[in-house]
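Peer 1: just a sequence and a predicted model for now, questions to come.
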Amino acid sequence: MMPRLMPTRDEVARLRPEQRAKIRRFIAQVVNDIDDVIDRENQRRLRLIAVGERIRSHALRLEAQRSPDPEHITAARRRALLDAIR
């Protein structure tokens, strides 16, 4: 049988104040941990976006230095670069 994680209303009503404080601290810690995970994921996503932008700007600089290619070749290169950063 799985242990019950959430107390019933009656059990909550019978908790001592120090037990309630301990539960509040635990919940606050869980929320803080979730916020930390979300922050790390957002930072990772922003780093990936920055890398993609550097690749894009470098590719545009390379294209500007070359003689113009036919439009379909340029489009294929851009698609390949976009696929590479996904």
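Peer 2: Nice, thanks for sending it over.
Peer 1: Ala50 is in what secondary structure piece?
Peer 2: helix 17-65 (DSSP states H and E).
Peer 1: mean confidence score for that helix?
Peer 2: Averaging pLDDT along helix 17-65 gives 93.
Peer 1: again, but for stretch 74-86
Peer 2: On average, stretch 74-86 scores 89.
Peer 1: outside of it itself, list whatever touches it.
Peer 2: The contact list for stretch 74-86, computed with C-beta atoms under 8 Å, 6 or more residues apart in numbering, reads 48, 51-52, 55-56, 59, 63, 68. For the C-beta atoms, the positions are set from N, CA and C on the backbone; glycine is no exception.
Peer 1: ok, now with 7 Å
Peer 2: Stretch 74-86 is contacted from outside by 51-52, 55-56, 59, 63, using C-beta atoms under 7 Å, 6 or more residues apart in numbering.
Peer 1: what's the pLDDT at the residue in the chain sticking out farthest from the centre?
Peer 2: Farthest-out residue of the chain from its mean C-alpha position, per C-alpha atoms, centre = their mean: Arg14, at 40.3 Å. As predicted, Arg14 sits at a pLDDT of 90.
Peer 1: now it: how far from Arg20?
Peer 2: Distance, Arg14 to Arg20, by C-beta to C-beta, to the nearest Å: 11 Å.
Peer 1: ok, now His72?
Peer 2: In this view, His72 and Arg20 are 68 Å apart by C-beta to C-beta.
Peer 1: what do you get for Pro7?
Peer 2: 11 Å.
Peer 1: need phi/psi at the residue farthest from the centre of the chain.
Peer 2: Per-residue torsions, Arg14: phi -90, psi 0 (degrees, to the nearest 10).
Peer 1: the helix or strand Arg78 falls within to helix 17-65, inter-axis angle?
Peer 2: Using DSSP H and E, Arg78 maps to helix 71-84. Counting by axes from the mean of the first three to the mean of the last three C-alpha atoms, to 10 degrees, helix 71-84 lies at 160 degrees to helix 17-65.
Peer 1: and helix 71-84, what's buried?
Peer 2: The neighbour-count criterion (16 or more other C-beta atoms under 10 Å) identifies no buried residues in helix 71-84.
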